[in-house]
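**Student:** for reference, the sequence and a predicted model appear below.
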Amino acid sequence: MNTRERLRHALDLSSTHAARERSKAKVWYDRRARLRTFQPGDKVLVLMPMPGKPQYAKYHGPYTAEQQLGPVDYIISTPERRKTKRVCHVNLLKPYHEREPQLNPVVTTPPADVVVQSLVIEEMECPAPISLPTLAPMVETDLHPD
């Protein structure tokens, strides 16, 4: 077998091995991957860098999805940011869920029928300290008889 045939054989082996590993990686990825799609007008949270700290990112929003560019890219309207519209990958987006008002009540004053009582802690008399039995002093012994 000359060098050219050996190289061709090695190339075939490496390409079949790479294809097999790609398919295994896809199976592992697809186990937890979920298809997410947004319609124009949907409210979304966008993972963006924090102002002044480009290495830190958190979800900001809610913003509005304006248009879907491809299977995974969306134009997002970000009016209070420097860029008013930006293109975001679907992995940087998550749906925004509005909270119902009764689930998050804000109480400013207690109702009239609630009586506010102050807690008074009475001093309790402590009994005499309990004496614990003392341990006998350890006697050094020779563990190795001569």
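**Tutor:** Cool, the structure landed.

**Student:** strands along the protein, start to end?
**Tutor:** Remark: strands assigned in the chain by DSSP state E are 43-50, 53-68, 73-77, 85-89, 93-95.

**Student:** what's the closest of those to residue 22?
**Tutor:** Among the strands of the chain, the nearest to residue 22 by CB to CB is strand 85-89 (20.8 Å). (Glycine included, C-beta is placed from N, CA and C.)

**Student:** ok and that closest one relative to strand 43-50, angle-wise?
**Tutor:** 90 degrees (axes from the mean of the first three to the mean of the last three CA atoms, to 10 degrees).

**Student:** now do the contacts for residue 34.
**Tutor:** Residue 34 makes no contacts at all, as judged by CB atoms under 8 Å, 6 or more residues apart in numbering.

**Student:** any idea how far it lies from residue 95?
**Tutor:** In this view, residue 34 and residue 95 are 11 Å apart by CB to CB, to the nearest Å.

**Student:** which residue sits closest to residue 64, ignoring its sequence neighbours?
**Tutor:** Using CB to CB, 6 or more residues apart in numbering and skipping residues adjacent in sequence, the residue nearest residue 64 is residue 77, 4.7 Å away.
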